[in-house]
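In: My questions are about this predicted structure, shown below with the sequence.
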Amino acid sequence: MHTWVPFNAFVILLLILDLILLQRRHRGISTRSALWGSAVWIALALMFNVGIYFVSGKERALEFLTGYLVEKALSIDNVFVFLIIFAHFRVPAECVERVNLWGSLGALILRLLFIVAGVALLQRFHWAISPSERC
């Protein structure tokens, strides 16, 4: 549990830095810049995966990598949904970055709330998923 505190602090710090840098720019992001930014975040995730391998073993590292790849695939799918929504509502190109930023922050906050609520429900109603206590 103690390793999650510095990890989460590091991720929050990186997100804040990223958001401050994004807020300073009022122009669109170039393809090259987006690719470099994605490469940096992917490299950080893979370095974290290596850390998991050495601290928790091969199985945990494989679980993390599998979850990361699934999440990455789902996020790429979301890009197409965003493009359709932005086109439908005719969001101006200069506003896309800001709308995407606030939408992403909202999604992160809602995801956190749902995870906390799910954990609370599972702790309260653990019998609902425990196979030994059914019937």
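Out: Cool, got the structure.
In: For the protein, give me the ranges with low pLDDT.
Out: For the chain, the stretches flagged by pLDDT under 70 are 1, 22-28, 131-135.
In: residue boundaries of the helices in it?
Out: For the chain, the helices defined by DSSP state H cover 4-24, 31-56, 58-88, 93-124.
In: I'd like those helices laid out as CSV, including mean neighbour count and distance to S130.
Out: C-beta coordinates here come from the backbone N, C-alpha and C atoms, glycine included. Formatted as CSV, those follow (neighbours: other CB atoms under 10 Å; distance: least, CB to CB, whole Å):
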stretch, mean neighbour count, distance to S130
helix 4-24, 11, 25
helix 31-56, 12, 25
helix 58-88, 12, 22
helix 93-124, 11, 10
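In: Okay, F125 and L112: tell me how far apart.
Out: Separation of F125 from L112 (CB to CB, to the nearest Å): 21 Å.
In: Report the central residue of this structure.
Out: L108 (7.0 Å; CA atoms, centre = their mean).
In: mind checking how far that residue is from W102?
Out: Here L108 is placed at a distance of 11 Å from W102 (CB to CB).
In: if we can go back for a sec, show me the residues around the residue nearest to the centre of the chain that make contact.
Out: For L108, the contact set (CB atoms under 8 Å, 6 or more residues apart in numbering) is empty.
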